[in-house]
Structures are given as C-alpha cells and as structure tokens.
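> Based on what follows, work out the 3D shape:
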Amino acid sequence: MLERPEPIAVIGTGYVGLVTAAGFADLGFEVYCVERRQVIVDQLQAGVIPFYEPGLEEMVRRNLERLHFSTGCGDALEHARLLFVAVGTPRGDDGNADLSAVQSVVDEIPASTRHALVMKSTVPAGTGAAIKRLFTKQGKHGLGYVSCPEFLKEGSAVDDVANPDRVVIGDDGDWAGDAVQALYAPLCARLGIPLVRIDVVSAEMVKLASNAFLATKISFINEVANVCELVGADVTNVAMGMAPDPRIGGQFLQAGIGYGGSCFSKDVEALRRLAENCGYEFRLLKAGTEVNESQKGRVVEKLLNHFGGSLTGRTICLLGLAFKPDTDDMREASSRVLSRELQTSGAAVAVFDPKVTEKTARRMMGTARFATDAMDAVDGADAVVLVTEWKEFVDLEWSEVADRMAGTLVIDGRNALKPNLIVAAGLLYDGIGRAPYSTPIEV
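This is a model prediction of the structure:
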C-alpha cells in the first residue's frame, strides 16, 4: 500500500486477529501481534496455525519476517500507534456479549496521546462510548478510539482480507480516524470499494445489523422450503427464480438445516439483547432464531417418518461436523444438535469430517463413532445425512455408498447433492424443501 508503511499492532491472534495481521503483513506492513498464551506464540513463530483456514498458513509463513509475536504489549506500544483489538467477545450465559477480554485490553493500555485502539472485535453498540468514558475515568483521555468492524467469512477469510467489499470506519473525526482512513484508502482505491466513515456507534451497529440480516434471510428461505415440501414445489427452483431480482439476490438463499458458527448466532442474539436492554422487543430476530433452531430438527423428523416413528436400533451416518465447509469450527454446528437428538432417539451415530478431529469433537458428540473416512462412516448405515457440504462428500461415488449402506435413505441437509446420481445408484434422495426422489428425475 505504501513504500514504507507505518507499523501496526494486533492484540489477539485468534481467527480475526491472525487473519487481519497476516493480511496487513502481506501488504508490506510490520505487524506486532500480542497473544497471551506462550504456547500459541511459539507455534505462530514457527508458522504453525492452531486452527484451519484455507491459505492462512501459507500467508503467515511467507510473511514471518514481518510478523512479530509476543505475550506483552511492550513491542506493540513502542512500534505502532494503531492498536487493532481482535480479542474474543463470546456470548455470555445471559445472552449478552462477554466483553471481559476487551476490558482487560482497555485496562492494560497506558495513558498516551499517540496511541489509539481500533476495535475489530464485534461489540454491542455503545461499547465505544463506554470505553471512552473509562479512558477519562482512568486518566487516559488522550487515547484515541476507532471502530473498524471486520467482515471475514470462515473458509474464505484470506481472500476477504485481501479483497474486502467495503471498509467501515467509525470515529470522532480526530487523528485516529484519519490514520485508519489513510491506512485503508490505498486498498479501497485500488479495489474500487467504498470506504464508509461514520460515527462510532453506527459503525458498531453495522456489523450486528449485517449478520442479523443475513441470518434472517437464511431463516426466511428455510421457512419457504418447509412450505415447498407441503405444496410439492422445489425450493431450489424457487430460489433460482427469486435470485435475479437485484433487490433480493442469490446469496444466502440456500435452504438447509439451519445456520451455525459463532458469528450469526452470537450477533443475532447480541442485537436482540441490545434492543431488549433498551426496552425494545426485536420480534423479527426472535422469530428467526426460533426458525433456525427448529430447522435443525427437520432431519430427525424426516428420519422418524421414514422409519415408522422409531430410530431405536438404527445407525445414522452424519457426513460433516463443522458448521460449514473449509473450516474446522464446530461452534453452533448443526451436527451437535443432530448427534444429540439422534442418540436420544435410540439411534447409533457414525460421523466423519475431513478437518474436525475426534480429539476436538469427542466431548460434543456423545457416543458417536468417529470414522476414518466417508466410506467408513456410511458402512452399515440405515441412512446417510449430509450435514456439511464438503466437496469430497458432494463428489462421492454413490454406487459404492449404496453397496456399503444397510439402508437406502440419503438426506441432503444442504441441498448440495445431485439427486439423479443418488437415485441412479438405487438410493432414496430427500432434500430440504424438495420432494423425495426414488426414481430418476429431469433436472
């Protein structure tokens, strides 16, 4: 971006922090990363990534000379003015965002007139104002504060950080906002993308509102899918007819068994709680959440209908554990709900995911059998459920699947499979919002 870009600091090297740091390093910046856990620092200094994200390990390794990792803020404060905060803000037991990690950062940063916190962590609207009041109370009113929400998607974060669709900056019109704008302006100009500079609280709302809207869109198409099953329509055809309308668009119109992951569930609940704390009931979000949770049970309903109302003694194969392809993240994943409900219903469960290990998933999956590969997972299964649309599952040899299964039912929980290939192998296909297929169909 610049011949000699000014160094920056990133506090927190989890998913958002590490991707952000690696992205800046790839643009030529010296990046000073703060990570409290020494074991993680040691791994990162060796170029080892503690989670799976396509392309991230390669990006980190080719920029190790520009990435500096330490457990304290000393180097970050010495070399950088802009301190990007990317610590976790998980959903607390009360449904509100847990800001304890953000609080720790605020408490640790010393008084200064040359430093500014740039908030990448997703926080409730009003957090920036509260932090600035705390700065004043602690005698650190000279510190700057900027909200700069991230819009990374797990599975494509490396491309997202290099090619964002917009940059949002929330500030008070001071030097800190100017500095962050100067940081991003060359990238925005090169890509021809908007740089939206607004007030802090509005910037905080942008992230929550964006994720809540997308989650609501998913819940809407899932409700449409459920009606499609009742009237005999195919939701994939319905979505195909809706998508060309520029007011609607095709993204997030894929019906399935509900969204998962940390962002949508957490941000929807955070926005709903934020409204509730202000005395307003956000009824649409409440309904969308209820739809998403009930959608995960659609698979169990389909299995019970197929097997005469009982799953006792049946073996069900779940293909995929991660909440989406190209990640090993199981937070709020549909597989967790399905495994629990199936085992409660008396079924034996076999599972396989190409990136989620048994060590990671065992405590979440009860007594499920962890298979060595997809074919081992389907071996002896009365039914196979596609939970995560990994490419290797979409490309399975279905005639071999049919030979290995004890039953014939394949439930496509993501509408990602090709019904003709499945029925041609002698299996019964059942998707979400689509009529079951037991004979070849025209597609």
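> The stretch 251-400 of the chain: helices as residue ranges?
Residue ranges of the helices in the stretch 251-400 of the chain, as given by DSSP state H, counting those that start in this stretch, are 262-277, 283-295, 298-306, 334-344, 358-361, 374-378, 391-394, 398-404.
> Quick one: those helices as JSON lines, columns for mean pLDDT, distance to Lys137 and mean neighbour count too.
Quick note: C-beta positions are derived from backbone N, CA and C, even for glycine. As requested, the helices of the stretch 251-400 of the chain are exported to JSON lines (pLDDT from 0 to 100; distance: least, Cβ to Cβ, whole Å; neighbours: other Cβ atoms under 10 Å):
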{"stretch": "helix 262-277", "mean pLDDT": "91", "distance to Lys137": "22", "mean neighbour count": "21"}
{"stretch": "helix 283-295", "mean pLDDT": "95", "distance to Lys137": "33", "mean neighbour count": "17"}
{"stretch": "helix 298-306", "mean pLDDT": "95", "distance to Lys137": "51", "mean neighbour count": "19"}
{"stretch": "helix 334-344", "mean pLDDT": "96", "distance to Lys137": "42", "mean neighbour count": "21"}
{"stretch": "helix 358-361", "mean pLDDT": "93", "distance to Lys137": "41", "mean neighbour count": "16"}
{"stretch": "helix 374-378", "mean pLDDT": "98", "distance to Lys137": "56", "mean neighbour count": "21"}
{"stretch": "helix 391-394", "mean pLDDT": "97", "distance to Lys137": "53", "mean neighbour count": "16"}
{"stretch": "helix 398-404", "mean pLDDT": "98", "distance to Lys137": "63", "mean neighbour count": "17"}
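> Export those helices to TSV and append columns for distance to Lys217.
Below are the helices of the stretch 251-400 of the chain laid out as TSV (distance: least, Cβ to Cβ, whole Å):
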stretch	distance to Lys217
helix 262-277	11
helix 283-295	9
helix 298-306	18
helix 334-344	17
helix 358-361	29
helix 374-378	30
helix 391-394	23
helix 398-404	31
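> between those helices, which gets nearest to Gln45?
Nearest of those to Gln45, taken as Cβ to Cβ: helix 358-361 at 23.2 Å.
> Please look at Trp390 and Phe352 and confirm they touch.
No. Between Trp390 and Phe352 there is no contact, the gap being 9.6 Å when judged by Cβ atoms under 8 Å.
> Mutual contacts of those two, please.
Common neighbours of Trp390 and Phe352 (criterion: Cβ atoms under 8 Å, 6 or more residues apart in numbering): Leu319, Gly320.
> looking at this structure, which residue lies furthest from center?
Farthest-out residue of the chain from its mean C-alpha position, per Cα atoms, centre = their mean: Gly139, at 37.5 Å.
> Now that one: closest residue in space, sequence neighbours ignored.
Take Gly139 and drop its neighbours on the chain: the residue closest to it by Cβ to Cβ, 6 or more residues apart in numbering is Ala111, 5.8 Å away.
> what residues are up against the one you found?
Gln138, Gly139, Lys140, Gly142, Leu143.
> Of those, keep whichever come out buried.
Lys140, Leu143 (16 or more other Cβ atoms under 10 Å).
> With adjacent residues omitted, what lies nearest to Val48?
Distance criterion Cβ to Cβ, 6+ apart; nearest residue to Val48, sequence neighbours excluded, is Glu57 at 7.7 Å.
> I figured the one you found was touching Leu44, is that so?
No. Counting by Cβ under 8 Å, Glu57 stays clear of Leu44, with 10.4 Å between them.
> Between these two, point out the one with more neighbours.
Using other Cβ atoms under 10 Å as the criterion, Glu57 and Leu44 rank with Leu44 on top: 21 against 15.
> picking that back up, between all of the contacts of Ala111, which two are at the greatest distance?
The span of these, defined through Cβ to Cβ, is set by Gln138 and Gly142 at 11.1 Å.
> And Ile198, its phi and psi?
Torsion angles at Ile198 (phi, psi; degrees, to the nearest 10) stand at phi -140, psi -170.
> brain fart, Asp379
Per-residue torsions, Asp379: phi -60, psi 120 (degrees, to the nearest 10).
> Distance check, the nearest residue to it once chain neighbours are set aside against Thr357.
Among residues not flanking Asp379 along the chain, Arg404 sits closest, at 4.8 Å (Cβ to Cβ, 6+ apart). Applying Cβ to Cβ, to the nearest Å, the value for Arg404 to Thr357 is 23 Å.
> Next: Ile8.
Distance from Ile8 to Thr357, counting by Cβ to Cβ: 34 Å.
> Number of residues surrounding the nearest residue to Gly155 once chain neighbours are set aside?
Ranked by Cβ to Cβ, 6+ apart and with sequence neighbours excluded, the top spatial neighbour of Gly155 is Asp326, at 3.3 Å. Other residues within reach of Asp326 by the criterion other Cβ under 10 Å amount to 20.
> Which parts of the stretch 151-300 of the chain are strands?
For the stretch 151-300 of the chain, applying DSSP state E, counting those that start in this stretch gives strands covering 167-170, 195-198.
> Quick one, which of those gets closest to Ala361.
So among those, strand 167-170 is nearest, using Cβ to Cβ, at 34.8 Å.
> Same question for that closest one: list its buried residues.
Val167, Val168, Ile169, Gly170.
> And the pLDDT for the third one?
So that's Ile169. Note for Ile169: predicted pLDDT of 98.
> Walk me through the domains of the protein.
With domains defined by automatic domain parsing, the chain comprises 8-198, 208-293, 296-430.
> okay if I get the ones you listed as TSV plus distance to Pro436?
Shown next, in TSV, are these (distance: least, Cβ to Cβ, whole Å):
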stretch	distance to Pro436
domain 8-198	30
domain 208-293	9
domain 296-430	4
